[in-house]
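Chemist: predicted model, plus sequence, below.
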Amino acid sequence: MNITTRTGRRLAAAMVGFCAILLPGAALAASSTPSASARPAAHATTPACETPGLVIWLDTNGNGGAGSVYYNLKLTNLSGHACTLNGFPFINAVSLTGSLLGHRAAFTGGPAHQVTLNQGETATAEFQIVNVLNFLPSQCKPVTAAGFRIFPPNQTRAKVVPFPFGACSANGAVYMSVRPVTK
């Protein structure tokens, strides 16, 4: 028997012995670590509130002062799951035919903070409408709006909220403003 064969046999025996020692430990470790499919999913972030899952309405108990009326715009989550709102709603006055009237509501106040709404909870955005008779008729071209087209924060679909009020049909005057949503 030559030295190479004897050394090879000893090396092979040592490796078998070494594996026999490590294999039970590796098997035990593998059984205590869940597989990727058995692990719970990482906690997902709460999705944004999408327009179809919201009821958007105006609390018509306005608070008047200094030629304006302040209302609370309400966004109620009826999506069936928690969702978030962050920012300002986009608000346009609309005619009976759905045409936009004048400027969209200006953003005022801030900064915006993320609001999480559970099923059935409501967020609020304070909304101001200036009396359009405060503007020059040529600057405003007053008309009666049929309501509002409202886009929730960071959404591309709107809902129309009926509410007749004095609006400007010209783009010269900014007659509405809105604050960010709060809870």
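Modeler: Done, it's in.
Chemist: can you list the weak-confidence ranges in this structure?
Modeler: For the chain, residues meeting the criterion pLDDT under 70 lie at 1-44.
Chemist: and it, what are its domains?
Modeler: 1-42, 51-178 (automatic domain parsing).
Chemist: now those in CSV, with mean neighbour count?
Modeler: Any C-beta I mention is one placed from the backbone N, CA and C, and that applies to glycine too. Rendered in CSV, the data for the domains of the chain read as follows (neighbours: other Cβ atoms under 10 Å):
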stretch, mean neighbour count
domain 1-42, 9
domain 51-178, 17
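Chemist: pop out the phi and psi values for the nearest residue to Val178 once chain neighbours are set aside.
Modeler: If the residues on either side of it in the chain are set aside, Val178 comes closest to Ala105, at 4.5 Å by Cβ to Cβ, 6 or more residues apart in numbering. Phi and psi for Ala105, reported as degrees, to the nearest 10, are phi -60, psi 130.
Chemist: same question for Leu133.
Modeler: Dihedral angles for Leu133 - degrees, to the nearest 10 - are phi -70, psi -10.
Chemist: quick check, the residue nearest to Val178 in contact with Leu73.
Modeler: No. Checked against Cβ atoms under 8 Å, the pair Ala105 and Leu73 is beyond contact range at 9.5 Å.
Chemist: mutual contacts of these two, please.
Modeler: Ile91, Phe127, Val178 (Cβ atoms under 8 Å, 6 or more residues apart in numbering).
Chemist: hey, what's the second one bridged with?
Modeler: Phe127 forms beta bridges with Tyr71, Val178, as assigned by DSSP bridges.
Chemist: show me the contacts for the residue nearest to the spatial centre of the chain.
Modeler: Central residue of the chain (Cα atoms, centre = their mean): Ala48, 3.0 Å from the mean position. By Cβ under 8 Å, 6+ apart, the contact set of Ala48 is Cys83, Thr84, Leu85, Asn86, Asn154, Gln155.
Chemist: mind saving the C-alpha coords of stretch 63-80 as CSV?
Modeler: Extracted as CSV, the C-alpha positions of stretch 63-80 are listed here (Å, rounded to 0.1, in the frame of the first residue of the first chain):
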residue,chain,number,x,y,z
ASN,A,63,-69.2,79.0,10.2
GLY,A,64,-69.3,82.5,8.6
GLY,A,65,-67.0,85.5,9.1
ALA,A,66,-65.3,88.3,7.3
GLY,A,67,-67.0,87.6,3.9
SER,A,68,-66.3,83.9,4.0
VAL,A,69,-68.0,80.7,5.2
TYR,A,70,-65.9,77.8,6.6
TYR,A,71,-67.1,74.2,6.2
ASN,A,72,-65.7,70.9,7.2
LEU,A,73,-65.2,68.6,4.2
LYS,A,74,-65.5,65.0,5.5
LEU,A,75,-63.9,61.8,4.0
THR,A,76,-65.2,58.6,5.6
ASN,A,77,-63.4,55.3,5.0
LEU,A,78,-65.9,52.5,3.9
SER,A,79,-63.3,50.5,2.0
GLY,A,80,-63.4,47.5,4.4
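Chemist: alright, that wraps it up for me.
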